[in-house]
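Peer 1: need coordinates for the following:
(one chain, ligands or ions: 1)
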Amino acid sequence: MMEEKKHIAIIGGGPAGLESAENLFDLGYKVTIIELSDSLGGKLNNWHRLFPDRRLSKEILNHLKNKLNRNIQIFYNSTVIKTTRKEDKFFIELNNSSSLECDAVLLTVGFDLFNASIKEEYGYGIYDNVITSADLEYLFHANKPLLTKQGKTPEKVAFIHCVGSRDEKVGNIYCSSVCCVTGVKQAMEVKQLLPHSEILMFYMDIRMYGRFYEDLYLEAQEKYHVQFIRGRLSETAENIDGSLILKADDTLAGCPIKVNADLVVLLVGYVPSKYCSSLSKMLHIKCEKDGFFAPCDTHTDRNFTGSPGIFIAGACTGPKNLEATLADARSASITIHKYLLHVPVLEQINKVG
Ligand code: SF4
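Peer 2: This is a model prediction of the structure:
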């Protein structure tokens, strides 16, 4: 008699969900993706080019979608409203009256972007020409012209680092790790589009974590003449023509500065997905003090929650670039495979205590 395939439910159909779904399917499991929206791919859908090689995001998105086996079941526009556990099985109820029974659950709910309007002093949602890095990326992605709200080509564009990250006032003291490189990439893209524009970057310190990221930083200065000013923005105000006045402390020169800009881009950081909190309560798993899911062991068991059968991958465990997200998803697939082979189950249960 053929043994019935073990079933894994993946909550979240972004890059981590897609990568792990395909790997788990290849390992011989039945896989179901539960996706909140009506499409797969998450935030990659609205992103234009990736760093460090400026590859089009849609190439990666298409790669992830195209290799997805058609026998993987997908629930769109779906959220989990209830989970029940009986011995080794999970029973999951969805908002659309569907339900499923599975042997393991993988959470790949990704991240949210910091709501820039919380930093009122920066003027997002108040002044027309203050936008976020996600807004700018969407303009590139949609091939829309880069103009001020008054229809003018911006002559001076200012990027503001660490918006919603490394900021005790908003309760996020962690670094989001990818917004420095995002800003540097976007600064060069603006300069390519508008060669006569002047680009200013207001930073606390530059953190170019990944391989070849530092090359982008050098290229931005040497080839595109992007100006880096070490200082945190204290206030934005609007001129009568819609341009902006930025006040900051230049911490290298040791003096306050005031500059005008036609467009301000806020490099918004990662915050935990709102589903981290609700799923942690529903599934009785832990979040860290930053609100992202807590792994069982930071060094040796990053994809296991400590609760048998429940696993985590991708940016729901903290800020990550796409490479790290996909690698984490593959790692989670192997962790789940080993769990379902019952090799480490007793060990894991013992860890939980
Ligand atoms: S990556 Fe850069 S901009 Fe983002 S939080 Fe860290 S230091 Fe700030």
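Peer 1: mean confidence for stretch 59-74?
Peer 2: The average pLDDT within stretch 59-74 is 96.
Peer 1: and the contacts of it?
Peer 2: Under the contact criterion C-beta atoms under 8 Å, 6 or more residues apart in numbering, stretch 59-74 has outside partners 13, 15, 18-19, 21-22, 25-26, 30-33, 35, 40-41, 44-45, 50, 322. Just so you know, the C-beta spots here come from the backbone N, C-alpha and C atoms, and that holds for glycine as well.
Peer 1: the same query, at a cut-off of 7 Å, please.
Peer 2: Contacts with stretch 59-74, where a contact means C-beta atoms under 7 Å, 6 or more residues apart in numbering, come from 13, 15, 18-19, 21-22, 25, 31-33, 35, 40-41, 44-45, 50, 322.
Peer 1: how about stretch 39-53?
Peer 2: By C-beta under 7 Å, 6+ apart, the list of residues contacting stretch 39-53 from outside reads 13-15, 18, 55-57, 60-61, 65, 110, 137-138, 140-141, 181-182, 185, 210, 212-213, 215-216, 322.
Peer 1: from the chain's centre, how far out does it sit?
Peer 2: 10 Å (C-alpha atoms, centre = their mean, to the nearest Å).
Peer 1: was I right to think residue 140 contacts residue 189?
Peer 2: Yes. Using C-beta atoms under 7 Å, residue 140 makes contact with residue 189 at a distance of 6.3 Å.
Peer 1: quickly list what's touching both of the two.
Peer 2: With C-beta under 7 Å, 6+ apart as the test, residue 140 and residue 189 reach no residue in common.
Peer 1: I figured residue 134 was touching residue 266, is that so?
Peer 2: No. Residue 134 lies out of contact with residue 266 (C-beta under 7 Å); the separation is 9.4 Å.
Peer 1: which one's more surrounded, those two?
Peer 2: Under the criterion of other C-beta atoms under 10 Å, the comparison of residue 134 against residue 266 puts residue 266 first, with 30 against 18.
Peer 1: now the contacts of stretch 59-74: which count as buried?
Peer 2: Buried residues within those, defined by neighbour count using 16 or more other C-beta atoms under 10 Å: 13, 15, 18-19, 21-22, 25, 31-33, 35, 40-41, 44, 50, 322.
Peer 1: list the helices and strands the longest helix belonging to the chain packs on?
Peer 2: Scanning the chain for the helix with the most residues, using DSSP state H, yields helix 322-340. Under the contact definition 3 or more C-beta pairs under 7 Å, 6 or more residues apart in numbering; DSSP states H and E, helix 322-340 sits against helix 15-26, strand 104-107, strand 310-312.
Peer 1: what's the local residue count around residue 263?
Peer 2: 27.
Peer 1: which ones are touching it?
Peer 2: Residues near residue 263 by C-beta under 7 Å, 6+ apart: 129, 131, 148, 154, 157.
Peer 1: which single one of those residues is nearest to residue 241?
Peer 2: When the contacts of residue 263 are compared for distance to residue 241 (C-beta to C-beta), residue 148 wins out at 9.1 Å.
Peer 1: what distance do you get for that closest one to the ligand?
Peer 2: As judged by C-beta to the nearest ligand atom, to the nearest Å, residue 148 and the ligand stand 24 Å apart.
Peer 1: my read is that that residue contacts residue 241, right?
Peer 2: No. Taking contacts as C-beta under 7 Å, residue 148 lies outside contact range of residue 241: 9.1 Å.
Peer 1: between those two, which one's more packed in?
Peer 2: residue 148 (19 against 11).
Peer 1: what pLDDT is listed against the residue of the stretch 201-350 of the chain found nearest the ligand?
Peer 2: Residue nearest to the ligand within the stretch 201-350 of the chain: residue 207 (4.2 Å; C-beta to the nearest ligand atom). Residue 207 carries a pLDDT score of 95 in this model.
Peer 1: what is the burial count for it?
Peer 2: The tally of other residues near residue 207 (other C-beta under 10 Å) stands at 18.
Peer 1: helix, strand or coil for it?
Peer 2: With DSSP: H, G, I helix; E, B strand; the rest coil as the basis, residue 207 sits in coil.
Peer 1: ok, it touching residue 181?
Peer 2: No. Counting by C-beta under 7 Å, residue 207 does not reach residue 181; the two are 8.4 Å apart.
Peer 1: re the thing from before, can you flag the buried ones in the contacts of stretch 39-53?
Peer 2: Buried among those (16+ other C-beta under 10 Å): 13-15, 18, 57, 60-61, 65, 110, 137-138, 140-141, 181-182, 185, 213, 216, 322.
Peer 1: which ones among those map onto helices?
Peer 2: 15, 18, 57, 60-61, 65, 137-138, 140-141, 181-182, 185, 213, 216, 322.
Peer 1: helices of the stretch 101-250 of the chain, start to end?
Peer 2: Along the stretch 101-250 of the chain, counting by DSSP state H, counting those that start in this stretch, helices occupy 133-141, 179-193, 213-222.
Peer 1: TSV for those, including distance to the ligand and mean pLDDT?
Peer 2: Below are these laid out as TSV (distance: least, C-beta to the nearest ligand atom, whole Å; pLDDT from 0 to 100):
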stretch	distance to the ligand	mean pLDDT
helix 133-141	9	97
helix 179-193	3	97
helix 213-222	10	96
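Peer 1: distance to residue 284 added to those helices, as TSV?
Peer 2: Below are those laid out as TSV (distance: least, C-beta to C-beta, whole Å):
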stretch	distance to residue 284
helix 133-141	33
helix 179-193	33
helix 213-222	38
